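>>> here's a sequence, model it:
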Amino acid sequence: MFSITKAYTTRVLLPVFLGAVIYCLLRDSSLIIFKLIKSSTVSGFMLSLQQISMPVSELFPRWFLYSLPDALWCYACVSLILIYWREGALFFKGFWLSVAITLSFGFEIGQLLNVVPGTFCAYDLLFSAAAIALALSHEVLRRIHFKTGLGNTLATDPSGAPV
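Presented below is the predicted three-dimensional model:
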């Protein structure tokens, strides 16, 4: 049976959390996020955790440290839209999906054109495209699964008996 809470937890909150852990604990402290939290009380705690975790970061490949967090956030954003607009009008779902996809690719292309601060990476585009495809395919497969009655506790046969 479909559970909104489970969908939000596994497809939105968990990927955002994992991306944040990778980004904050395994990346260099010169990132913009650390400058933003420097004045907060979280700063000391975050920097302590980062000092412990930084030696471990050398064990991970570059794509894991640099491209995976963006892909996880992209997956979470597209999944959030798909879950929220699940029963909504196709126009709104399409509009918000196009905004999310445009922003996902736009930031990276903006870096290539030196319009957005940061370093362009083709792997970021590739991972974001894969994340979008995964989120969309997850939704398509869920709909096929639901429509065929598999896992649908409300499905009945022609006589009205539960399937």
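
>>> list the buried residues in stretch 81-100.
For stretch 81-100, the neighbour count (16 or more other CB atoms under 10 Å) marks 81-85, 93, 96-97, 100 as buried. Bear in mind the C-beta positions are built from the backbone N, C-alpha and C, glycine included.

>>> how about these in JSON lines, adding pLDDT, distance to L14 and secondary structure?
Below are those laid out as JSON lines (pLDDT from 0 to 100; distance: CB to CB, whole Å; DSSP: H, G, I helix; E, B strand; the rest coil):
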{"residue": "I81", "pLDDT": "94", "distance to L14": "17", "secondary structure": "helix"}
{"residue": "L82", "pLDDT": "92", "distance to L14": "15", "secondary structure": "helix"}
{"residue": "I83", "pLDDT": "90", "distance to L14": "13", "secondary structure": "helix"}
{"residue": "Y84", "pLDDT": "89", "distance to L14": "17", "secondary structure": "helix"}
{"residue": "W85", "pLDDT": "87", "distance to L14": "20", "secondary structure": "coil"}
{"residue": "K93", "pLDDT": "89", "distance to L14": "22", "secondary structure": "helix"}
{"residue": "W96", "pLDDT": "94", "distance to L14": "21", "secondary structure": "helix"}
{"residue": "L97", "pLDDT": "94", "distance to L14": "20", "secondary structure": "helix"}
{"residue": "A100", "pLDDT": "94", "distance to L14": "18", "secondary structure": "helix"}
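
>>> out of those, flag the one nearest to S67.
Closest to S67 out of these is A100 (17.6 Å), distances taken as CB to CB.

>>> what residues are up against that closest one?
The contact partners of A100, by CB atoms under 8 Å, 6 or more residues apart in numbering, come to 74, 77-78, 81.

>>> just say helix, strand or coil for G88.
Following DSSP: H, G, I helix; E, B strand; the rest coil, we place G88 in the coil state.

>>> list phi and psi for it.
Per-residue torsions, G88: phi -80, psi 180 (degrees, to the nearest 10).

>>> quick one: it and V99, what's the gap?
From G88 across to V99, the span is 15 Å (CB to CB, to the nearest Å).

>>> enumerate the positions of the top helix by length along the chain that are buried.
In the chain, taking DSSP state H as the definition, the longest helix is helix 122-147. Buried residues in helix 122-147, counting neighbours by 16+ other CB under 10 Å, are found at 124-125, 127-128, 131-132, 134-136, 138-139, 142.

>>> show me what the mean pLDDT comes to for that helix.
What helix 122-147 shows for mean pLDDT is 86.
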